[in-house]
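# sequence? don't have it. structure:
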């Protein structure tokens, strides 16, 4: 029995931001395999330390965003 073929769909970060209606300053977390081509932060959800770094980055972003909105 043949294994199912893996389909990899790659989108430019600008396309992803537009599709999700994200602000330009909203960080995107990328899989490790796209790190070199994008300049992003490596994230591998299977790795506890990597996942922790991604969650910390998210919380730091949200805290900063909340502070900005409170002072607006």
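Arrived safely. Values in this document were obtained by computation on a predicted structure and should not be read as measured data. Numbering: from 1, shown residues only.

# show me the contacts for residue 21.
Residues near residue 21 by Cβ atoms under 8 Å, 6 or more residues apart in numbering: none. Any C-beta I mention is one placed from the backbone N, CA and C, and that applies to glycine too.

# and it, how far is that from residue 47?
In this view, residue 21 and residue 47 are 30 Å apart by Cβ to Cβ, to the nearest Å.

# go on, residue 11?
Residue 11 is 24 Å from residue 47, by Cβ to Cβ.

# and these two? Which one has more around it.
Taking other Cβ atoms under 10 Å, residue 11 and residue 47 do not tie; residue 47 has more neighbours (13 against 10).

# so what does that one look like in phi/psi?
With angles defined as degrees, to the nearest 10, residue 47 shows backbone torsions of phi -100, psi 120.

# pLDDT wise, what is it at?
For residue 47, the pLDDT comes out at 85.

# likewise for residue 1?
In this model, residue 1 is scored at 48, pLDDT.

# what about the closest residue to residue 44 other than its chain neighbours, how many residues nearby?
The shortest distance from residue 44 to any non-neighbouring residue, by Cβ to Cβ, 6 or more residues apart in numbering, is to residue 50 (4.5 Å). Neighbourhood size, residue 50 [other Cβ under 10 Å]: 16.

# again with residue 17
For residue 17, the neighbour count with other Cβ under 10 Å is 15.

# state the number of residues packed around residue 16.
12.

# pLDDT wise, what is residue 63 at?
On pLDDT, residue 63 comes in at 92.

# same question for residue 39.
We note a pLDDT of 48 for residue 39 in this prediction.

# any idea how far residue 16 is from residue 49?
25 Å.

# right, I mislabeled it, should have said residue 11
Relative to residue 49, and taking Cβ to Cβ, residue 11 is found at 27 Å.

# ok, now residue 23?
Relative to residue 49, and taking Cβ to Cβ, residue 23 is found at 28 Å.

# again with residue 14
Residue 14 is 29 Å from residue 49, by Cβ to Cβ.

# likewise for residue 22?
In this view, residue 22 and residue 49 are 26 Å apart by Cβ to Cβ.

# no further queries at this time; thank you.
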